[in-house]
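my questions concern the predicted model and sequence given below.
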Amino acid sequence: MKTNPITNSLGSKNIAFPNVIVKTRYGNVNLKSIIENKRIIICTNPSELIPKTKEGRNRFELALKQLKKLNFHLIGFNKNTFEEHLFSVNWLNSHMEDFLVFPIYYLPKNEVKKNLEEMLSKEILIDNPIYFIDKSGITQYILNGDDIKSKNLESIVELASKMVLSDQNFANSINSLEN
């Protein structure tokens, strides 16, 4: 079986994700300490992912469960208003089971994008990027969160599952079957 290669929407990959400071209820924490040794997906505007209908909520919950099965952790960075941030956090805590709740931080200055632009030496033209980060803290893919196809959690799960498949080493499995 041959799979299609995963393409990166910005054309660059293997970029160390910036170690921004996030505010938690326990104080300020370096993001690297939260994401180390985990596969992470960072949405820069998670309030746009929140469903409006009961059917949407069921699809959202199913997608979160699929991300958990794929061993991905979701983190949100709200960059718009603080009211929007509170709405996202309150909705998530009110409508999802505890094991599906993911952290959402308020970063109004979009420091991640600024730091990545400095590291890339070019401007990121996406307003709401979605970052896929591997276990070593390296940005592997950046989706365009402004694109209507990428803006839903099902699309994010689809790319995450492709990433898991591309990480598999099928040659070792075939060799062990032949022995």
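Everything's here; your move.

beta partners of the residue nearest the centre of the chain?
What sits nearest the mean C-alpha location of the chain, by CA atoms, centre = their mean, is residue 41, with 1.7 Å. Residues in a beta bridge with residue 41, per DSSP bridges, are residue 74, residue 132.

quick one: pLDDT of it?
With respect to pLDDT, residue 41 scores 92.

correct me, but it touches residue 73?
Yes - if you go by CB atoms under 8 Å, residue 41 and residue 73 touch, sitting 7.3 Å apart. Bear in mind the C-beta positions are built from the backbone N, C-alpha and C, glycine included.

shared neighbours, these two?
Common contacts of residue 41 and residue 73, defined by CB atoms under 8 Å, 6 or more residues apart in numbering, comprise residue 67.

returning to that earlier point: quick one: contacts for the residue nearest to the centre of the chain?
Shown in contact with residue 41 (CB under 8 Å, 6+ apart): 67, 72-75, 130-133, 156, 160.

what of residue 108?
79-80, 82.

which ChimeraX command selects the buried ones in the residues you listed?
With 16 or more other CB atoms under 10 Å as the criterion, this ChimeraX line picks the buried residues out of those:
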select :79,80
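
next one: residue 26 from residue 141, what distance?
30 Å (CB to CB, to the nearest Å).

just residue 59 next, same as before
22 Å.

likewise for residue 126?
Separation of residue 126 from residue 141 (CB to CB) stands at 12 Å.

run through the protein and note the low-pLDDT ranges.
1-13, 120-121, 150, 167-179 (pLDDT under 70).

where along it do the helices fall?
31-35, 54-69, 82-95, 111-120, 153-167, 170-178 (DSSP state H).

now distance to residue 45 too, for the ones you listed, in JSON lines please.
Formatted as JSON lines, the helices of the chain follow (distance: least, CB to CB, whole Å):
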{"stretch": "helix 31-35", "distance to residue 45": "17"}
{"stretch": "helix 54-69", "distance to residue 45": "15"}
{"stretch": "helix 82-95", "distance to residue 45": "8"}
{"stretch": "helix 111-120", "distance to residue 45": "11"}
{"stretch": "helix 153-167", "distance to residue 45": "13"}
{"stretch": "helix 170-178", "distance to residue 45": "36"}
